[in-house]
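Colleague: model this:
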Amino acid sequence: MLIDMMVVTVPLLAWLPVGQTASTDTTPSHDRPDHVVQSALEQLGLTPQDVRIRLTDLNIFDHQPRRLPIVEWALENPLSTPLVADYVAAAFSVESVADSVGALSQLSRWLGCTVRRNLIGDPLEAARELANQPDSLVGAVARLHVLGGEELTETHRQIIKRKCSRLPTELNQAIALLLYVMADAQEWADMAMESRDHASWDRILAVLRRPNDDQPADETLSSMEQYREFREVTTALRSFDLSLLFVGAQEIVLAVHEVRPVLEEYSTAEMTQTTLRIDTPLGDIDIGRSQKAERDSAALLAIDFGGDDLWHYAGSNRPPVGRVSVAIDVRGNDRYIAPDGAVGSFGSGHCGIGMLFDFAGDDRYECQLQGQATALFGIGLLYDESGDDEYVVVDHGQAAAQAGAAMLVDVAGHDRYHGYTLVQGFAGPGGAAALVDLAGDDRYIADDSDIRYPSAQSAEHNNSLAQGAGLGTRGDYREGLSACGGVGMLYDRSGADQYSAGVFAQGVGYWFGLGMLIDGGGGDTYTGQWYVQGASAHFAAGILLDRSGDDEYRAAMAMAMGAGHDIGIGVLVDDEGDDIYDAPGLSLGAGNAAGLGWFLDRTGRDTYRVRGRNNLGWASANQTGTLRAAIPAVGVFMDLAGADRYPDGHGSNGEEWGSTPDVPRGVRPGVARAIDLGDGQLHPDR
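Modeller: As a prediction, this is how the structure comes out:
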């Protein structure tokens, strides 16, 4: 694994409130905050230019390639980040299989290789024409043999034809359509992998599949040998064309959406007893009631029409030959239990594409390592449409990506997510990951009671790297080879949810990464330790946006609730509700070591409980003798309405304040401002 430790154009960028009067501020209109925040800034004597990270400052410290544009946008425009909530709500409200295409398009955009196969024309037209030909399923199997380097003999062709004749014509054509599209995806994936030989990709996957324990698989490796491994991975990352995999993945999703009505029509009691199995060089085609629990690998294509099934392998490709794997379960309360030692399962794409679609039932997903929507130089998707589901993984999973894109979508139900590290919307270098849950009262647990991955900050807490985390690999204190972080997001649209984690979680960025936790509504609780709830370290961005509900935020140690460290930004925005903030030092709008922290609570009767003095609008003094001495730390706290409660000596309703320590000579003072509007009205005469 690659983690050390321990201009994207999106619709939101053109936003400006209707009727807003142009101000004398020279900030471009698309970079301005909304008018209430803008007015509060002006009362504090600030402009948006004062509350941002300049890329020219950032470039002084590290300018290695593949820094993601959306990360740079967030660093330059922290006051515009609340608009991300509207953008995500529109782009990631995946109500159907087809909507997953648009969401995958956004992940491709985050990675700077935008692919939108559903924008113009019909990308399935050619495959559909082939699927409507006589004996189309036999023809699709023949093409898969050719791609696998084998010719389908006439004897084998006749055997397959007899097998296919057991299925209704409409179902034959539906399966053929899927296979033709998957064959195209196999070719796109092969093309993406052409730049390196199979041995190189095997070595790269072996490195990336290691558990998150910061130790090489072979502890006898010298530091130089470890460096060679990392250099091979990083070199591949900088030259890899992920867009080709997005083409194949999006077309597969469109094909699954198109054939779904046919699959559901034939999900009868009779069909659930049907078995069709065809071997191909790229993997098996496994249709109907077969012995899935006895498989030792995932099929190329597996379809189950009904029943309460046990799956050990589903929707995880087998490189280098099998670049694509798709599994579809139409209905039933299913168990997806990966065997001990299995790596890559249940919607995982490793040097390829892996997808799992479950349309109905209360399901349980369980694996140890690399499962439940993971991507390593690939694309992984797990789509679960209904039911109260449980997801359990230890390390890497529940939407986790490095050098690829991973998405877990749960459309409905009261769900439970349990993991330890690199889970629940985690992205490493070159990765984009999204855990999307649209409804239900859900629980997100990055286990911090069973200490398996002690963090560098506190050995008593796990290094979670979870719940919207974008992390990079830091090499400046080793051989100088670093890798910029990816973009990890957890989006929960509604419900009274519970989030708990240890260190690095809940909208956190590290080393040029971006982590986002976005909650659309409901009375939620957030519990974490250090670097949580809109926090960052080292040139990164962490964002937590909560749209509504009476929420409670608890952080025990430091760097939380809108806190940025070392030229990074941390943002927490809560739009409405009577909220409780139980905050440590370096929180609630705190900038440390030239970092930037912004906290905004728009309305509600809120309660603030704080420990220490470096919070509620605080900025540190920088050290002398470093370039950071010329970059001010920024800490801004805003509560824009409501009768709020503060501890004695820490802020007050209807007041302004700020706290910056004395700075040494030659160091720019930090920018620390805080405002509580109390009645919600601005008072310029104060």
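Colleague: Could you export stretch 365-382 as PDB, CA atoms only?
Modeller: Output of stretch 365-382 as PDB, limited to C-alpha atoms (Å, rounded to 0.1, in the frame of the first residue of the first chain):
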ATOM      1  CA  TYR A 365     -21.100  -8.200   2.600                       C
ATOM      2  CA  GLU A 366     -18.000  -9.400   4.500                       C
ATOM      3  CA  CYS A 367     -14.300  -9.600   3.600                       C
ATOM      4  CA  GLN A 368     -10.900  -8.900   5.100                       C
ATOM      5  CA  LEU A 369      -8.800  -7.000   2.500                       C
ATOM      6  CA  GLN A 370      -9.600  -5.100  -0.700                       C
ATOM      7  CA  GLY A 371     -13.300  -5.600  -1.100                       C
ATOM      8  CA  GLN A 372     -16.800  -4.000  -1.500                       C
ATOM      9  CA  ALA A 373     -15.900  -1.500  -4.300                       C
ATOM     10  CA  THR A 374     -12.100  -1.200  -4.600                       C
ATOM     11  CA  ALA A 375      -9.900   0.000  -7.400                       C
ATOM     12  CA  LEU A 376      -6.200  -0.500  -8.100                       C
ATOM     13  CA  PHE A 377      -5.400   0.800 -11.600                       C
ATOM     14  CA  GLY A 378      -9.000  -0.100 -12.300                       C
ATOM     15  CA  ILE A 379     -12.700   0.700 -11.700                       C
ATOM     16  CA  GLY A 380     -14.800  -1.000  -9.000                       C
ATOM     17  CA  LEU A 381     -18.600  -0.600  -8.400                       C
ATOM     18  CA  LEU A 382     -20.900  -2.100  -5.900                       C
END
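Colleague: for the record, mean pLDDT for it?
Modeller: For stretch 365-382, the mean per-residue pLDDT is 97.
Colleague: What of stretch 567-578?
Modeller: Rounded mean pLDDT across stretch 567-578 is 97.
Colleague: mind listing what's buried in it?
Modeller: 567-578 (16 or more other Cβ atoms under 10 Å). All C-beta atoms are positioned from the backbone trio N, CA, C, and that covers glycine.
Colleague: now these in a markdown table, with distance to Arg210 and secondary structure?
Modeller: Below are those laid out as a markdown table (distance: Cβ to Cβ, whole Å; DSSP: H, G, I helix; E, B strand; the rest coil):
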| residue | distance to Arg210 | secondary structure |
| --- | --- | --- |
| Ile567 | 30 | coil |
| Gly568 | 27 | coil |
| Ile569 | 31 | strand |
| Gly570 | 29 | strand |
| Val571 | 32 | strand |
| Leu572 | 33 | strand |
| Val573 | 36 | strand |
| Asp574 | 38 | strand |
| Asp575 | 40 | coil |
| Glu576 | 44 | coil |
| Gly577 | 42 | coil |
| Asp578 | 45 | coil |
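Colleague: how about those residues, which pair is most distant?
Modeller: Spanning the widest gap among those are Ile567 and Asp578, at 34.7 Å by Cβ to Cβ.
Colleague: if I pick Gly149, what's in contact with it?
Modeller: Taking Cβ atoms under 8 Å, 6 or more residues apart in numbering, we find Gly149 in contact with Pro281.
Colleague: and it, how far is that from Val207?
Modeller: Counting by Cβ to Cβ, to the nearest Å, the gap from Gly149 to Val207 is 28 Å.
Colleague: what about Ala496, neighbour count?
Modeller: 16 (other Cβ atoms under 10 Å).
Colleague: That one sits in which helix or strand?
Modeller: According to DSSP states H and E, Ala496 maps onto no helix or strand at all.
Colleague: Please name the residues that touch it.
Modeller: Contacts of Ala496 (Cβ under 8 Å, 6+ apart): 441, 522-524, 549.
Colleague: can you check Tyr531 too?
Modeller: Applying Cβ under 8 Å, 6+ apart, the residues near Tyr531 are 457, 503-505, 508, 510, 537, 542, 558-560.
Colleague: among those, who's most crowded?
Modeller: Val508 (41 neighbours).
Colleague: hang on, that one packs against Ala541?
Modeller: No - using Cβ atoms under 8 Å, Val508 is not in contact with Ala541, being 9.2 Å away.
Colleague: what residues do these two have in common as contacts?
Modeller: 470, 515.
Colleague: State the distance from the spatially most central residue of the chain to Leu381.
Modeller: Centroid-nearest residue in the chain: Ala433, 2.6 Å away (criterion: Cα atoms, centre = their mean). Going from Ala433 to Leu381 by Cβ to Cβ gives 11 Å.
Colleague: Which neighbours do these two have in common?
Modeller: Common neighbours of Ala433 and Leu381 (Cβ under 8 Å, 6+ apart) are 373, 406-407.
Colleague: now the stretch 551-686 of the chain, which segments are flagged as low pLDDT?
Modeller: Within the stretch 551-686 of the chain, the ranges that satisfy pLDDT under 70 run 659-661, 680, 682-686.
Colleague: could you pull out the strands for it?
Modeller: In the stretch 551-686 of the chain, the strands defined using DSSP state E, counting those that start in this stretch lie at 552-560, 563-565, 569-574, 580-583, 585-587, 590-592, 596-601, 607-610, 618-619, 634-639, 656-657, 671-676.
Colleague: Comparing these, which stretch has the densest surroundings?
Modeller: Highest mean neighbour count among the strands of the stretch 551-686 of the chain (mean count of other Cβ atoms under 10 Å): strand 563-565, with a mean of 35.
Colleague: Partner strands of it, with direction?
Modeller: Sheet pairing here is set by DSSP bridges, and for strand 563-565 it gives strand 535-537 (parallel), strand 590-592 (parallel).
Colleague: Thank you, goodbye.
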